[in-house]
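Asks: structure of the sequence below:
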Amino acid sequence: TNSHLTGPLQPTLPLAHRRLVFTLFVSLQILLNYDSGAIAASLTTICKPDDQGCDPKIGRGLAYHFNMTFAESGLLASFVYAGLTLTSVTGAAIMQHFQPKYVVAVGLIVNTGCNAIFASSHLKWAVMVSRLGVGMSQAFFIIHLPVWVDEFAPASRCTLWMSLTQAGVPIGVTIGYMVSGFIEANTELDWRVSFWLQVVVLSALVIAFCCIPTRYLNVHSDTKHRELSVLSHTCSQASEVLLNPLFLSTALGLSGLYFVVTAIQLWMTSYLTQPPISAEMNAVVLAFSGTCATAPVIGVVVGGLLVDATAGGYKSVRTTASTSNLFGWAGVLWALGCVFSTELWQVILCVWGLLFCGAAIVPAATGIIMAAVEKSHRAMASSISMLIVNLFGFFAGPFLTGLVATWSGNDLKWGFRLTMGWSVVAALFIVASWYYAHNHPEDLMIDSPRVRSSSAMSSFSETCSAAVTHISRPFAPRELSPGLYPSTLTKDPSALFSAAATAPFIPRAHRARTASSESRSSSYALPI
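Replies: Predicted structure coming up:
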């Protein structure tokens with residue numbers, strides 16, 4: 001049962017102790033995202049040992065070792081998102097039925113084991129399955145982390161703590177990318193060394209997590225227990241949201257954006273080290289790392305400020321949609337520039353502009369998604385939009401790019417062209433969003449300058465777990481405490497947009513902290 005979730009306010013525990021636990025959580029966040037960057041750098045050029053004209057040094061990477069095609073390499077990266085999506089269906093319900101510490105601990109142990117299998121296996125199918133396991137096991141930590149921060153962070157520092165946890169995502173990706181890139185470019189070491197380094201450090205952090213007293217990890221719920229028997233109502237809400245053209249066009253536009261940036265993150269290193277560019281690996285690692293660390297951060301800040309200045313903070317959805325449209329087509333121009341560039345600095349410049357424009361779109365599109373539906377439907381809208389993004393953005397981007405490259409005779413240029421061309425698809429959906437916004441009988445607006453967290457964070461997992469609970473009685477307890485563990489699971493492999501625009505996107509755990517929470521801005525869930 002979830003009786004373990006009730007009790008006195010946890011923030012009465014010493015602040016110094018909570019800071020130590022918080023430091024451990026941020027460290028875990030960094031290590032759990034390390035492998036996403038490491039894989040991107042380890043793939044390098046895909047060629048068989050007997051291929052003529054293949055550089056043996058470039059061919060030492062992960063894909064070379066397993067003799068993977070581009071499609072298989074893309075699927076390897078995409079399996080993590082499939083795992084996250086699968087676990088999100090039941091993750092929140094599991095976290096409410098069992099003590100969070102033990103659920104998260106088991107997930108972390110399984111995650112470490114899956115990474116160890118990935119680093120040690122010589123079987124292609126085993127590394128594929130291990131990546132699926134990594135995504136599924138990591139979901140519990142992702143679910144628990146924002147709830148823990150909301151519960152244990154000082155009231156005046158909750159936004160800062162939340163931002164720091166999200167900053168662990170791009171930091172982890174960047175560290176993994178740079179370490180693996182350095183190993184590939186400057187040593188004769190096997191690609192596995194980088195991943196074994198992750199396993200060793202992650203194991204130490206997991207042991208430390210398991211040693212923390214339960215009272216520092218579990219959270220309680222002040223939400224009244226209520227029976228979740230609303231399956232028909234849930235389906236009705238979902239159909240209304242999906243039939244809303246403004247919502248659907250905006251969500252598909254975001255998924256197109258995430259398709260592009262996720263594929264860029266995975267394939268850019270391999271593309272830049274092959275003809276016609278044939279750049280040196282060290283130069284690629286430094287240039288691309290700097291691009292991913294600066295362009296999304298600046299873009300999301302500029303986009304958010306522009307929405308505030310022109311639309312009054314989402315008060316005018318028509319103006320907000322126009323802002324998205326502007327950045328969308330500017331991104332298309334940068335994408336086309338990438339296709340025709342033949343020098344490293346030219347490609348990096350165009351990618352910088354593309355990531356900047358993509359990041360600038362996200363604040364505006366996030367607000368439109370919430371404004372497009374009735375207030376009572378916003379939780380469902382947020383859930384469905386994240387499901388669309390996971391499937392048609394994060395999962396599809398790496399896989400389809402690799403698939404096209406394989407079908408074109410193992411020529412990554414065609415896969416790269418698909419990625420850049422997909423920006424046109426994203427822009428067309430953004431145009432559709434602009435059209436529906438301007439043709440709506442009245443200018444929609446959100447009832448506050450920012451989307452409140454309670455409407456934005458309720459997740460698809462809660463909806464599905466409600467249906468599962470309703471169907472599975474009497475095998476499950478009759479009552480659950482909904483809303484405590486949202487799980488908008490977007491493991492953004494590079495997730496470099498997140499650090500710049502993250503604030504608590506979670507329901508408030510205590511009524512006593514409502515006053516401080518009202519002053520906080522909502523975050524934008526960002527992909528890289």
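
Asks: tally up the residues packed near S376, please.
Replies: Close neighbours of S376, defined as other C-beta atoms under 10 Å, add up to 9. For every residue, glycine as well, the C-beta is placed using N, CA and C.

Asks: show me what contacts it?
Replies: By C-beta atoms under 8 Å, 6 or more residues apart in numbering, the residues touching S376 are Q237.

Asks: what's the pLDDT at it?
Replies: pLDDT for S376: 74.

Asks: and the one 3 residues further on, by the same measure?
Replies: The pLDDT attached to A379 in the predicted structure is 63.

Asks: ditto for the one 10 residues further on
Replies: We note a pLDDT of 86 for V389 in this prediction.

Asks: can you check Y258 too?
Replies: Taking Y258 on its own, its pLDDT is 91.

Asks: count the residues that sit near the nearest residue to it once chain neighbours are set aside.
Replies: The spatial neighbour of Y258 that comes closest, neighbours along the chain excluded (C-beta to C-beta, 6 or more residues apart in numbering), is G393 at 3.0 Å. As a burial measure, G393 scores 28 neighbours (other C-beta under 10 Å).

Asks: any idea how far F195 is from G393?
Replies: 25 Å (C-beta to C-beta, to the nearest Å).

Asks: what do you get for F25?
Replies: In terms of C-beta to C-beta, F25 sits 22 Å off from F195.

Asks: and if you look at S322?
Replies: Look at S322 and F195: by C-beta to C-beta, they are 45 Å apart.

Asks: and for A238?
Replies: In this structure, A238 and F195 are 39 Å apart, going by C-beta to C-beta.

Asks: who has more neighbours, those two?
Replies: Per other C-beta under 10 Å, whichever of A238 and F195 has more neighbours is F195, with 24 against 17.

Asks: pull out the buried residues from whichever strand or helix holds that one.
Replies: Here F195 sits within helix 192-211, counting by DSSP states H and E. By neighbour count with 16 or more other C-beta atoms under 10 Å, helix 192-211 contains the buried residues 192, 194-195, 197-199, 202-203, 205-206, 209.

Asks: could you measure from the residue lying closest to W196 once chain neighbours are set aside over to L197?
Replies: Counting by C-beta to C-beta, 6+ apart, the nearest residue to W196 once its immediate chain neighbours are dropped is A119, at 5.0 Å. Distance, A119 to L197, by C-beta to C-beta: 9 Å.

Asks: check K124 too.
Replies: Distance of K124 to L197, computed by C-beta to C-beta: 23 Å.

Asks: can you count the residues close to L387?
Replies: Around L387 there are 22 residues (other C-beta under 10 Å).

Asks: for D190, that is, sorry about that
Replies: 16.

Asks: for it, give its distance to S239.
Replies: 52 Å.

Asks: who's in contact with the residue nearest to Y258?
Replies: So G393 contacts 254-259, 262, 527 (C-beta under 8 Å, 6+ apart).

Asks: what do you get if the cut-off is 7 Å, keeping everything else the same?
Replies: Neighbouring residues of G393 by C-beta atoms under 7 Å, 6 or more residues apart in numbering: 255, 258-259, 262, 527.

Asks: which of these sits closest to V129?
Replies: Nearest to V129 among the contacts of G393, counting by C-beta to C-beta, is T262 at 21.1 Å.

Asks: nearest spatial neighbour of the closest one, skipping sequence neighbours?
Replies: G397 (3.9 Å).

Asks: could you do C114 as well?
Replies: In space, and not counting its chain neighbours, C114 is closest to G133: 3.8 Å by C-beta to C-beta, 6+ apart.

Asks: what helix or strand is the one you found on?
Replies: helix 124-152.

Asks: what packs against that helix?
Replies: Counting contacts by 3 or more C-beta pairs under 7 Å, 6 or more residues apart in numbering; DSSP states H and E, helix 124-152 packs against helix 15-43, helix 70-88, helix 91-97, helix 100-120, helix 158-186.

Asks: ok, of those helices, where does mean pLDDT dip lowest?
Replies: Among these, helix 91-97 carries the lowest mean pLDDT (a mean of 72).

Asks: who's in contact with stretch 116-127?
Replies: With contact meaning C-beta under 7 Å, 6+ apart, stretch 116-127 is reached by 66, 68, 76, 130-131, 192, 195-196, 199.

Asks: what's the closest of these to P154?
Replies: V199 (33.8 Å).

Asks: from S236, how far off is S376?
Replies: Relative to S236, S376 is positioned 11 Å away (C-beta to C-beta).

Asks: for the closest residue to T69 other than its chain neighbours, which residues are in contact?
Replies: If the residues on either side of it in the chain are set aside, T69 comes closest to T406, at 4.5 Å by C-beta to C-beta, 6+ apart. T406 makes contacts with 69-71, as judged by C-beta under 7 Å, 6+ apart.

Asks: so which residues of the stretch 251-400 of the chain form helices?
Replies: 281-311, 317-340, 344-371, 378-389, 396-407 (DSSP state H, counting those that start in this stretch).
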